[in-house]
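Student: Using only what follows, build the 3D model:
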Amino acid sequence: MRLRFSGEIWFWRGPAPFHFVTVPPVESEMIGDVANVVTYGWGMIPASVTIGSTTVTTALWPKDGGYIVPIKKALQDSERVTVDDLVEITLDIDA
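Tutor: Okay, the predicted model is just below:
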């Protein structure tokens with residue numbers, strides 16, 4: 001499954017700081033339709049995330065009935081993106 005969407009990078013300060021983009025509702029519903037087949041537990045969904053010319057592997061996190069995409073430091077540095085930037089994301093999930 002390949003999804004494309006845009007979103008703003010936001011900061012979550014937890015035990016360790018993280019940066020995320022929220023998956024829009026329509027795309028979250030599509031992910032939810034295959035979640036039981038692809039999850040490795042706790043609702044986490046393995047995926048490849050591309051911003052610009054950089055692709056990294058990660059896992060989508062379930063949040064508030066949808067999903068959020070972690071924006072890894074390597075991706076931030078390579079594409080020079082940070083909090084509040086609007087980014088175009090290509091998300092690949094093997095379903």
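Student: okay, CA-based contacts and neighbour counts for the rest of this
Tutor: Noted.
Student: What are the boundaries of the strands in this structure?
Tutor: 2-8, 10-13, 17-22, 45-51, 54-63, 66-70, 86-92 (DSSP state E).
Student: Adding mean neighbour count and distance to Glu29, write those strands out as CSV.
Tutor: Formatted as CSV, those follow (neighbours: other C-alpha atoms under 10 Å; distance: least, C-alpha to C-alpha, whole Å):
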stretch, mean neighbour count, distance to Glu29
strand 2-8, 14, 12
strand 10-13, 12, 21
strand 17-22, 18, 13
strand 45-51, 21, 13
strand 54-63, 16, 11
strand 66-70, 21, 7
strand 86-92, 17, 14
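Student: Make CSV out of those strands and add mean pLDDT and distance to Glu79.
Tutor: Compiled in CSV, the strands of the chain are given as follows (pLDDT from 0 to 100; distance: least, C-alpha to C-alpha, whole Å):
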stretch, mean pLDDT, distance to Glu79
strand 2-8, 98, 14
strand 10-13, 90, 16
strand 17-22, 91, 14
strand 45-51, 97, 7
strand 54-63, 95, 7
strand 66-70, 96, 15
strand 86-92, 98, 10
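Student: Throw the ones you listed into TSV and include distance to Asn36, thanks.
Tutor: Output for the strands of the chain, formatted as TSV (distance: least, C-alpha to C-alpha, whole Å):
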stretch	distance to Asn36
strand 2-8	17
strand 10-13	26
strand 17-22	20
strand 45-51	9
strand 54-63	13
strand 66-70	14
strand 86-92	16
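Student: Quick one, which of those gets closest to Val37.
Tutor: strand 45-51 (9.5 Å; C-alpha to C-alpha).
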